[in-house]
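Engineer: Let's see this in three dimensions:
(one chain, ligands or ions: 1)
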Amino acid sequence: IEWTEGRGWHDAQVRARAPFSIDPASSVLHYAQEIFEGMKAYRAEGNSVTLFRPDQNARRFNLSAQRLAMPEVPEEVFLEAVERLVDIDRDWIPGADGSSLYVRPFMFANENFLGVRSSRNFVFCVIASPVGNYFKGGAKPLALWVSTEYTRAARGGTGEAKCGGNYAASLVAQMEATENGCDQVVFLDSAEHRWVEELGGMNIFFVMDDGSLLTTPLGTILRGITRDSVIQLAKAQGIDVKEAPYSFEQWQADAASGKLREVFACGTAAVIAPIGEVRHRGGSFTIGNGQSPVAEKLRDQLVGIQRGRVADTHGWLRTIK
Ligand code: PMP
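Structural biologist: Residues are numbered from 1 along each chain as shown. Purely as a prediction, here's the structure:
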């Protein structure tokens, strides 16, 4: 579907996946005016499929659009596009545990104009692909690399938006994590390089020794939909959840003194993944006693709701019959 200044959205169409062409002067190639979302469709009872909180993806997409000076995609247009594609692709969702259909809505500027100003043409598009379980050999705790050199987001910057440029800026830190034998990078804040923010593609939670949860506050991190779901699930069970700044220094001290029981990461791809080890320029440390009962319980509940095994008391599922 295309957007043109003065005309708005027009010419929606469903096409078989194939390359499309854009002009070498297309503004997205030069100024990265581009945003996206990531969501999953799961097989439910019979032949129906479900989406998990797609309204939240639509909402976040439009917050990203505002930040990148792009037109909003009305929520009903966003949801209809996603649902039509999932409906067409439903036979690609095998339903075996762990597999699902990954759905990628995205929008990019497409005006052939080499000048720094917002584009007058945009394209909104949705593609999908079947994906297997994030943990191929069973869930194993992740090792994290704390990036003390590179940061991902500054206050007033685009950290809260899901735009390609944020991920381009994070690649060198993720490469450093891989070179140091870690699965994911942890970013600290850009002003002081002190406060924990989030991972390359996940938000982070700390389980303290009194059983409460702590997660880093919104403002420069991505507004994770899994993060919000974990907060709601934990609170519904009477677990205290704080959204507060947490320094890397405090993290190291709490890990050393045994005040930290568990650390876990969460996001659409892995749902909830326990963290076993943390490495950084100055050394490494492990978390708790290697057990993660809190993360596992929350994971079972969330995966259970997504796959229709646990009652959806929060009204999070949208079923496509
Ligand atoms: N932070 C970043 C940087 C991410 O890319 C993602 C994945 N979208 C997340 C957090 C988790 O967000 P969600 O739970 O909505 O997938």
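Engineer: my guess is F187 meets T148, correct?
Structural biologist: No. The pair F187 and T148 does not pass the contact test of Cβ atoms under 8 Å, sitting 10.0 Å apart. Where you see a C-beta, it was placed from the backbone N, CA and C, and this is true even at glycine.
Engineer: Residues of this protein that sit close to the ligand?
Structural biologist: G38, E198, G201, M202, N203, L222, G224, I225, T226, R227, G267, T268 (Cβ under 6 Å from any ligand atom).
Engineer: Could you pick out which of the residues you listed are located in helices?
Structural biologist: Using DSSP state H, the subset of these located in helices is I225, T226, R227.
Engineer: tell me the contacts of the first one?
Structural biologist: It stands for I225. Counting by Cβ atoms under 8 Å, 6 or more residues apart in numbering, I225 makes contact with F52, R53, Q56, N57, R60, T268.
Engineer: Just the CA coordinates for stretch 196-206, please, in PDB.
Structural biologist: Extracted in PDB, the C-alpha atoms of stretch 196-206 (Å, rounded to 0.1, in the frame of the first residue of the first chain):
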ATOM      1  CA  VAL A 196      21.600  -0.800  31.900                       C
ATOM      2  CA  GLU A 197      19.200  -0.300  29.000                       C
ATOM      3  CA  GLU A 198      18.400  -3.400  26.900                       C
ATOM      4  CA  LEU A 199      19.900  -6.100  24.700                       C
ATOM      5  CA  GLY A 200      20.400  -6.000  21.000                       C
ATOM      6  CA  GLY A 201      16.900  -7.400  20.400                       C
ATOM      7  CA  MET A 202      15.400  -8.000  23.900                       C
ATOM      8  CA  ASN A 203      14.500  -6.200  27.100                       C
ATOM      9  CA  ILE A 204      15.900  -7.300  30.500                       C
ATOM     10  CA  PHE A 205      14.600  -8.300  33.900                       C
ATOM     11  CA  PHE A 206      16.300  -8.900  37.200                       C
END
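Engineer: What residues does the nearest residue to V77 once chain neighbours are set aside make contact with?
Structural biologist: In space, and not counting its chain neighbours, V77 is closest to W9: 6.5 Å by Cβ to Cβ, 6 or more residues apart in numbering. Taking Cβ under 8 Å, 6+ apart, we find W9 in contact with I1, E2, W3, P71, V73, P74, V77, F124.
Engineer: Likewise for Y134?
Structural biologist: Taking Cβ under 8 Å, 6+ apart as the test, what Y134 contacts is G98, A269, A270, V271, A273.
Engineer: Check those for the minimum pLDDT and say which it is.
Structural biologist: Confidence by pLDDT is poorest for G98 among the contacts of Y134, given 68.
Engineer: could the ones in helices among the residues of the chain next to the ligand go into a markdown table alongside distance to R104 and pLDDT?
Structural biologist: Putting those into a markdown table (distance: Cβ to Cβ, whole Å; pLDDT from 0 to 100) gives the following:
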| residue | distance to R104 | pLDDT |
| --- | --- | --- |
| I225 | 15 | 98 |
| T226 | 17 | 98 |
| R227 | 20 | 98 |
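Engineer: Between F187 and T148, which has more neighbouring residues?
Structural biologist: More crowded of F187 and T148, by other Cβ atoms under 10 Å: F187, with 27 against 16.
Engineer: Could you pull up the mean pLDDT of the one helix or strand that one maps to?
Structural biologist: Here F187 is covered by strand 184-188, with elements defined by DSSP states H and E. Average pLDDT, strand 184-188: 97.
Engineer: What number of residues are in the vicinity of R90?
Structural biologist: Neighbours of R90 using other Cβ under 10 Å come to 15.
Engineer: where's the residue nearest to V77 relative to the ligand, distance?
Structural biologist: 24 Å (Cβ to the nearest ligand atom, to the nearest Å).
Engineer: what's the lengthiest helix in the chain packed up against?
Structural biologist: If you go by DSSP H, the chain has its longest helix at helix 164-179. Secondary-structure packing of helix 164-179 (3 or more Cβ pairs under 8 Å, 6 or more residues apart in numbering; DSSP states H and E): strand 34-36, strand 142-147, strand 184-188.
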